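[1] Sequence and computational prediction follow.
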Amino acid sequence: DAGVIQSPRHEVTEMGQEVTLRCKPISGHDYLFWYRQTMMRGLELLIYFNNNVPIDDSGMPEDRFSAKMPNASFSTLKIQPSEPRDSAVYFCASTHDRNRNSPLHFGNGTRLTVT
Amino acid sequence: AQSVAQPEDQVNVAEGNPLTVKCTYSVSGNPYLFWYVQYPNRGLQFLLKYITGDNLVKGSYGFEAEFNKSQTSFHLKKPSALVSDSALYFCAVRLNTGGFKTIFGAGTRLFVKA
């Protein structure tokens, strides 16, 4: 089990540029979550998918953010255009739905810096 | 709306002493409760979860958590702290009906001094 894999680990970009973050969940997991972590706001749920379908995107901050899950083994979070306030660590997590108290498995995150 | 509160930003404890990291929750219904730990530059790691009927839950690395329904609390405990326990700890809640939405508290930084 390779765990949840996120890429890149670090991303530095200039304001206005498009940023794409990538996630490969654990094989067999039905749920995929995107979280954002900042000092000021803590760990915020942005969106989550079940069987590749977005279930709740109420945490997506604005239209500049979009997330897709084209298949069970890949998801992207895109920011276009990026702004300095988007600087944060973005985490992807996955879990299975065999029981409702299944814990989340997190990747090591992507640290995004927008200058 | 569901929410999780961790009232302490930081907890300091001496090595060998017991530790408690507090968590209270507010949800409409019976939630599933979790504790996670985060080390620097890493993702969150699962420590333990509440299982219905067991008010004292045991988890990884000697940690345990005490569930109190009347106080809507799920405090993390360890009888004897280690320096290596120093990390950021998160409490999380998921409703037991509907979707899998999982909400985290703000986190509590634990410092264990040698």
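    That came through, no problem.

[2] Can you tell me how far residue B:70 is from chain A?
    Residue B:70 sits 21 Å away from chain A, going by CB to the nearest CB, to the nearest Å. To be clear about C-beta, it is placed using only N, CA and C from the backbone, and glycine gets the same treatment.

[3] pLDDT below threshold where in chain A?
    Scanning chain A for pLDDT under 70 picks out A:1.

[4] What backbone torsions are found at the residue positioned nearest the centre of it?
    With distances taken as CA atoms, centre = their mean, chain A has residue A:34 as the residue nearest its mean C-alpha position (3.0 Å). Dihedral pair for residue A:34: phi -120, psi 130, per degrees, to the nearest 10.

[5] That one pairs with what?
    Taking DSSP bridges as the rule, residue A:34 bridges to residue A:47, residue A:92.

[6] That one reaches residue A:92, doesn't it?
    Yes - counting by CB atoms under 8 Å, residue A:34 does reach residue A:92; the two are 5.9 Å apart.

[7] returning to that earlier point: got the contact list for the residue nearest to the centre of chain A?
    A:23, A:45-48, A:67, A:75, A:77, A:90-92 (CB atoms under 8 Å, 6 or more residues apart in numbering or on different chains).

[8] any idea which of these has the most stuff around it?
    When neighbours are counted by other CB atoms under 10 Å in any protein chain shown, residue A:92 leads these with 29 neighbours.

[9] Which single residue in chain B comes nearest to chain A?
    In chain B, the residue that lies nearest chain A is residue B:43 (3.2 Å; CB to the nearest CB).

[10] In contact with that residue: list those residues for me.
    Applying CB under 8 Å, 6+ apart, we find residue B:43 in contact with A:4, A:91, A:93, A:106-109.

[11] before we move on, what about residue A:94?
    Residue A:94 makes contact with A:4, A:25-26, A:29, A:31-33, A:104-105, according to CB under 8 Å, 6+ apart.

[12] returning to that earlier point: out of the contacts of residue B:43, which two sit at the greatest distance?
    Using CB to CB, the pair of those lying farthest apart is A:93 and A:108, separated by 11.1 Å.

[13] In terms of neighbours, single out the busier of the two.
    residue A:93 (26 against 17).

[14] Pretty sure that one sits against residue A:103.
    No - look at residue A:93 against residue A:103 with CB under 8 Å: they stay out of range, at 9.2 Å.

[15] Distance of the closest residue in space to residue A:16 that isn't next to it in sequence relative to chain B?
    Of all residues not flanking residue A:16 in the chain, residue A:81 sits nearest, at 4.5 Å (CB to CB, 6 or more residues apart in numbering or on different chains). Remark: distance between residue A:81 and chain B (CB to the nearest CB) = 27 Å.

[16] Provide the secondary structure category for residue A:81.
    coil (DSSP: H, G, I helix; E, B strand; the rest coil).

[17] just residue B:84 next, same as before
    helix.
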